[in-house]
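> Following is a predicted model, sequence given first.
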Amino acid sequence: MISAREALERLQAGNRRFVSEAPSGDSLSSRARRNELAAGQEPFAIILGCSDSRVPAEMVFDQGLGDLFVIRVAGNIVAASQVGSVEFAAAQYGTRLVVVLGHSQCGAILATLEQLQQQSDHQSRNLRSIVDRIRPSVEALLATDLKHDPDALVQHAVRANIRESVDHLRHGSEVLEQMIKKDALVVVGAEYSLETGVVDFFDMVPGAG
C-alpha cells in the first residue's frame, strides 16, 4: 500500500485534472478493471464525504473503480457507523490516508445554522440527529461578529465542522488513534468548492509518511 503522502499527492493531482477538464482517460467501469477487482480491492485513500449529489469523490479526484473507499453521509458527520467503516478499511486494506471532505454551501450546515437561529420543532428525529452532530462545532460562531455576515458565517461553519469530524476520527477511536501514533494512518480535512471544483486540503499533518 502506498504512503499517506503519496496518496495525498495522487488525490491532489486528480483534482487538478478534474478542474482543468483533463481527465486521465481511465474508464470507471472497464471490463478488465472490474475483473481485476472481483478478487479483491486495495483502495489508496478513504474519503468520508458529504452525500451531496454535487460532490462525488471519484469524479472530484478523477479516480476509478477500486481506488477510493468512500463513506458518504449528510454533513460529513462522524457517528459510530462512520468510525467503524474507517476502522474497517484502514485495518482490512492497509489504507493509510483518510480525508474528511466537506464542501461549500453545505445544506446540512445551513440547516443547522437555521435551526440554531430560528428554533423549530418541524425537523424529524432522524434529521435532528444530523443537526445535533454538527451543532457543537458551529454554535460558538454565532456568538462572534460572524453572525452579522451570513456568507462568512457559513464558510467558517463548514470548516469548523470538517475540523470537528477530523478531530473525532483522530481521537474518538482507540483503533485509529493507535494507528496514527504508529504512523500507519493520517487523517486530513479538505473542502471542495462547488464554484471552482478545487479541493483545498486545509487541515493536514505536514511530513505525513
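Good, I have the coordinates.
> Return the distance of the helix or strand of the chain with the lowest mean pLDDT from the chain's centre.
Ranked by mean pLDDT, DSSP states H and E, the weakest helix or strand in the chain is helix 31-37, scoring a mean of 82. Offset of helix 31-37 from its chain centre (Cα atoms, centre = their mean, to the nearest Å): 27 Å.
> buried residues in it?
Neighbour counts using 16 or more other Cβ atoms under 10 Å place R33 of helix 31-37 among the buried residues. Just so you know, the C-beta spots here come from the backbone N, C-alpha and C atoms, and that holds for glycine as well.
> Over to stretch 151-158?
Within stretch 151-158, judged by 16+ other Cβ under 10 Å, the buried ones are L153, V154, Q155, H156, A157, V158.
> same deal with stretch 81-100?
Those would be 82-83, 85-87, 89-90, 93, 95-100, for stretch 81-100 by 16+ other Cβ under 10 Å.
> Report all helices and strands that the helix or strand containing I71 contacts.
Assigning secondary structure by DSSP states H and E places I71 in strand 68-72. Packing partners of strand 68-72 (3 or more Cβ pairs under 8 Å, 6 or more residues apart in numbering; DSSP states H and E): strand 45-49, helix 57-60, helix 80-93.
> Could you save those as a markdown table and add columns showing mean pLDDT and distance to R16?
Output for the helices and strands packed on strand 68-72, formatted as a markdown table (pLDDT from 0 to 100; distance: least, Cβ to Cβ, whole Å):
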| stretch | mean pLDDT | distance to R16 |
| --- | --- | --- |
| strand 45-49 | 98 | 16 |
| helix 57-60 | 96 | 11 |
| helix 80-93 | 96 | 25 |
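> what are the phi and psi values for V188?
phi -130, psi 160 (degrees, to the nearest 10).
> Was I right to think it contacts V166?
Yes. Contact criterion Cβ atoms under 8 Å: V188 and V166 qualify, at 7.0 Å.
> Now list whatever residues contact both of these two.
Shared contacts of V188 and V166 (Cβ atoms under 8 Å, 6 or more residues apart in numbering): V100, D203.
> For this protein, which segments are assigned as helices?
4-19, 31-37, 57-60, 80-93, 107-117, 125-138, 150-171, 174-181 (DSSP state H).
> Which elements pack onto the fifth one?
Right, helix 107-117. Right, helix 107-117 is packed against helix 125-138, helix 150-171 by 3+ Cβ pairs under 8 Å, 6+ apart.
> quick one: buried residues of that helix?
Applying 16+ other Cβ under 10 Å to helix 107-117 flags A108, I109, A111, T112, L113, Q115, L116 as buried.
> Include distance to Q41 when you put the residues you listed into a markdown table, please.
As requested, the buried residues of helix 107-117 are exported to a markdown table (distance: Cβ to Cβ, whole Å):
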| residue | distance to Q41 |
| --- | --- |
| A108 | 29 |
| I109 | 32 |
| A111 | 34 |
| T112 | 34 |
| L113 | 38 |
| Q115 | 39 |
| L116 | 40 |
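> Mind telling me the two of these farthest from one another?
A108 and L116 (12.7 Å; Cβ to Cβ).
> Return the most buried member of the helices and strands packed on helix 107-117.
Of all those, helix 150-171 carries the top mean neighbour count, a mean of 20, counting by mean count of other Cβ atoms under 10 Å.
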